[in-house]
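>>> sequence plus predicted model, see below.
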Amino acid sequence: MSNLVLTLITFAAYSTLAFIFWRAQIAGNAETQNRSLLGHAVGVPLLLHAYSLYENLFVGGSLNLSLVYSLSLILWLTLLVYWIARFFYPLSCLLTLVLPLAAIGVALPSLFPAVHKLAEPTSWMFDAHVLVAMLAYSLFTIAALHAGLMSLVEKRLHHPTLPDILRNLPPLLTMEKLLFRIVGVGLALLTLTLGSGILFSEQIFGTPWQFNHKVLFGFISWAIFGVLLLGHSLQGWRGRTAVRWTLSGFGFLILAYLGTKFVLEVILQR
């Protein structure tokens, strides 16, 4: 099966499921659909998307992590985490939001097929470093989505009606509890990413560790999320304070990785 055909099938599957979940959300039975066979069916395009990524991430013995493949991988991991979490939390509404993003993610490499091979020699340490970093980015993407939705719900609490997409969200306290769990795991992975990059730079990248703008933004993001967790634990930070700190930390994380890639690959054409 060619890459284009696989992409079209996966895109169609994501889009169809997104439409069905959206209709169910409007009808008020999205959570029922989530717990039914339809919810399990999301695993099919997830597997197809994973196969497509695996086939294209390794090109000529080097890791292909161009901007579009990085985005595709992050969106795939984001949907995977949500799909697994649905067994423990009522997250049908959030699946409705993430499925269209996953559809865009699987289509991006075909729309912008530029290949950007990494110059660093690949090894199991390098691959593990990249995988942990991508999982951390995915978790913080989820945290940012959570924070944005929490802010929308809080602003609409005093309105007589909520938009259809917000009606079946979990209670704010549940969303908040899940937010801090996601940030906690994400911070642990980000710590591992930054720490391994410093301590084992020569083994992972083949060069001594260097302090640059990417590292700076990464550490700023790490500090913001760390202060957020400390503030929540010691001072009971929650609500709008948690939302602002989460979105700020995510913004610096975007600048650290995807922002750098955008400048290099899109603006500077490197």
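Everything's here; your move. Computed from a prediction, not measured in an experiment: that's the story for all the values here.

>>> could I get the full set of helices for the stretch 1-150 of the chain?
Secondary structure of the stretch 1-150 of the chain by DSSP state H, counting those that start in this stretch: the helices cover 3-27, 30-35, 37-41, 43-57, 67-85, 92-111, 124-156.

>>> mean confidence for the shortest one?
Averaged across helix 37-41, pLDDT comes to 79.

>>> what lies in contact with stretch 220-231?
140, 180, 183-184, 186-187, 190-191, 194, 237, 241-242, 245-246, 248-250, 252-253, 256 (CB atoms under 8 Å, 6 or more residues apart in numbering). For glycine as for every other residue, the C-beta is placed from the backbone atoms N, C-alpha and C.

>>> ok, 10 Å please
136, 140, 143, 179-180, 183-184, 186-187, 190-191, 193-195, 237-238, 241-242, 244-257 (CB atoms under 10 Å, 6 or more residues apart in numbering).

>>> please name the nearest non-neighbouring residue to the residue most central in space within the chain.
Against the mean C-alpha coordinate of the chain, by CA atoms, centre = their mean, the closest residue is Ser138 at 2.6 Å. Nearest non-adjacent residue to Ser138, counting by CB to CB, 6 or more residues apart in numbering: Leu77, 3.6 Å away.

>>> how about Gly148?
Gly148 sits nearest to Leu247 (CB to CB, 6+ apart), 7.2 Å away.

>>> right, and the one you found touches Ala143 too?
Yes: Leu247 lies in contact with Ala143 (CB atoms under 10 Å); the separation is 9.0 Å.

>>> neighbour count for these two, which is higher?
The neighbour count for Leu247 versus Ala143, taken as other CB atoms under 10 Å, is higher for Ala143 (28 against 15).

>>> if we can go back for a sec, now the residue nearest to Gly148: how far from Gly43?
30 Å (CB to CB, to the nearest Å).

>>> and what of Phe250?
Phe250 is 27 Å from Gly43, by CB to CB.

>>> still on that earlier bit, ok, now which ones touch the residue nearest to Ser138?
Leu77 sits in contact with Ala50, Leu53, Gly105, Leu131, Met134, Leu135, Ala136, Tyr137, Ser138, Leu139, Thr141, Ile142, where contact means CB under 10 Å, 6+ apart.

>>> give me the buried subset of those.
Leu53, Gly105, Met134, Leu135, Ala136, Tyr137, Ser138, Leu139, Thr141, Ile142 (16 or more other CB atoms under 10 Å).

>>> quick one: average confidence on stretch 212-232?
For stretch 212-232, the mean per-residue pLDDT is 91.

>>> for stretch 140-151, that is, sorry about that
87.

>>> show me which residues of it are buried.
Buried residues in stretch 140-151 (16+ other CB under 10 Å): Phe140, Thr141, Ile142, Ala143, Ala144, Leu145, His146, Ala147, Leu149, Met150, Ser151.

>>> the fourth one contacts Gly249, doesn't it?
Which is Ala143. Yes: contact criterion CB under 10 Å: Ala143 and Gly249 qualify, at 8.2 Å.

>>> find residues that contact each of these two.
Val183, Gly186, Leu187, Phe225, Leu228.

>>> tell me what angle the host helix or strand of the fourth one forms with helix 124-156.
Pointing back at Phe225 there. Using DSSP states H and E, Phe225 sits in helix 213-235. Orientation of helix 213-235 against helix 124-156 (axes from the mean of the first three to the mean of the last three CA atoms, to 10 degrees) gives an angle of 50 degrees.

>>> strands of the stretch 151-270 of the chain, start to end?
Using DSSP state E, counting those that start in this stretch, the stretch 151-270 of the chain contains no strands.

>>> can you list the weak-confidence ranges in it?
For the stretch 151-270 of the chain, the stretches flagged by pLDDT under 70 are 156-169, 202-206, 258-270.

>>> now with 80?
Residues of the stretch 151-270 of the chain meeting the criterion pLDDT under 80: 153-172, 199-213, 256-270.
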